[in-house]
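> Sharing a model prediction with you, sequence too.
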Amino acid sequence: MAGQCWQYNAHQLDRQVDLFRAGVMKILKQLMGLSLVAALCVPQVLAQISTSLPVPAPATPQSSETSPANPWEFDLNLSGYLVPHGQSYVSPTLSADRDTLHLEARYNYEAQRTGSLWAGYNFSKGKTFVVDATPMIGGVFGKVNGIAPGLELTLSYKKLQFYSANEYIFDTDTKAGNFFYTWTQLTYSPVKWLTAGYVVQRTRAYQTGLVIQRGLLVGFTVKKLSFTTQIFNIGEANTTTVLSLGYNF
């Protein structure tokens, strides 16, 4: 009896093992089928997705040449006047230009311990023979007070240049203080970095025995920097030297 029971249990165990094995094989077949489908379909699906997605455009590096240029142009000038009899002084000027607009500030220019503010209009004509003119109106304040119309004029032809800065001060304190000021020069530039010429001026910023002072000048330019030496009243007892340093930016 015991032997029959053991045989029955062994038979039942073998049958369960066969069923388990059949189930495992069925699952493996399904997994292999799914793997085959995935191997065939997934690459096509990924290809469709990749073609449907927008492709970002490559970033274009910004060139410095395309960056907008500064519409303003500035000119800073510092002039040291070496005048006999203890009258030496320094005169700074700053100008700003944008298209036709001209703005300018001066100190120790019309007179010592005196400042002035200016506004003007730029215009230019010509190609070979070029005319640049800036009519201006200014207010003068300090040791001298008044209103001053002015004109800056430049005539250029090849290597020759005529420049003249003029103003007439209407003194608001006294009519006797009215005065015409001029700085006029004629220069020649044999090369771009060298300038030489003749200069005259009429000023009340310092006193000499001459109403109109005459002199020679020579100037050098390196990129945005310029240095000019003017010597007035050569051979006279009141010889005056003006050293000017300019920076354009």
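Ah, there it is.
> The helix or strand containing residue 156: partners in the sheet, and parallel or antiparallel?
Secondary structure from DSSP states H and E places residue 156 in strand 146-157. If you go by DSSP bridges, strand 146-157 pairs up with strand 129-142 (antiparallel), strand 160-171 (antiparallel).
> Export those as JSON lines, with columns for mean pLDDT and distance to residue 121.
Heads up, the C-betas are built off the backbone N, CA and C, glycines and all. Output for the strands paired with strand 146-157, formatted as JSON lines (pLDDT from 0 to 100; distance: least, Cβ to Cβ, whole Å):
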{"stretch": "strand 129-142", "mean pLDDT": "98", "distance to residue 121": "6"}
{"stretch": "strand 160-171", "mean pLDDT": "98", "distance to residue 121": "15"}
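> okay, those in TSV with distance to residue 202 and mean neighbour count next?
Below are the strands paired with strand 146-157 laid out as TSV (distance: least, Cβ to Cβ, whole Å; neighbours: other Cβ atoms under 10 Å):
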stretch	distance to residue 202	mean neighbour count
strand 129-142	16	16
strand 160-171	9	17
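> Out of those, flag the one nearest residue 192.
Closest to residue 192 of those is strand 160-171 (Cβ to Cβ; 12.5 Å).
> Show me what secondary structure element comes after the lowest-mean-pLDDT helix or strand in the chain.
Ranked by mean pLDDT, DSSP states H and E, the weakest helix or strand in the chain is helix 2-52, scoring a mean of 52. Counting by DSSP H and E, the element after helix 2-52 in chain order, helix or strand, is strand 73-82.
> Where do the domain boundaries of this protein fall?
The chain breaks down into these domains under automatic domain parsing: 1-53, 70-248.
> Quick check: which of those domains is buried the most?
Mean neighbour count (mean count of other Cβ atoms under 10 Å) peaks for domain 70-248 among those, with a mean of 15.
> residue contacts, residue 237?
Neighbouring residues of residue 237 by Cβ atoms under 8 Å, 6 or more residues apart in numbering: residue 84.
> now it: how far from residue 82?
Between residue 237 and residue 82 the computed distance is 14 Å (Cβ to Cβ, to the nearest Å).
> before we move on, what about residue 224?
25 Å.
> repeat for residue 135
In this view, residue 135 and residue 82 are 32 Å apart by Cβ to Cβ.
> Now residue 203. Nearest residue, chain neighbours left out?
Counting by Cβ to Cβ, 6 or more residues apart in numbering, residue 203 lies nearest to residue 181, which is 5.8 Å off, once chain neighbours are set aside.
> what sits against the one you found?
Each residue near residue 181 by Cβ under 8 Å, 6+ apart is listed here: 110, 166-169, 202-204.
> Taking those residues together, which two end up most distant?
By the measure Cβ to Cβ, 166 and 204 form the most distant pair in these, at 14.2 Å.
> what is residue 226 paired to in the beta sheet?
Applying DSSP bridges, one finds that residue 226 bridges with residue 221, residue 246.
> who touches it in this structure?
By Cβ under 8 Å, 6+ apart, the contact list for residue 226 reads 219-220, 244-248.
> if we can go back for a sec, how about the secondary structure of the residue nearest to residue 203?
Secondary structure, DSSP: H, G, I helix; E, B strand; the rest coil: residue 181 is strand.
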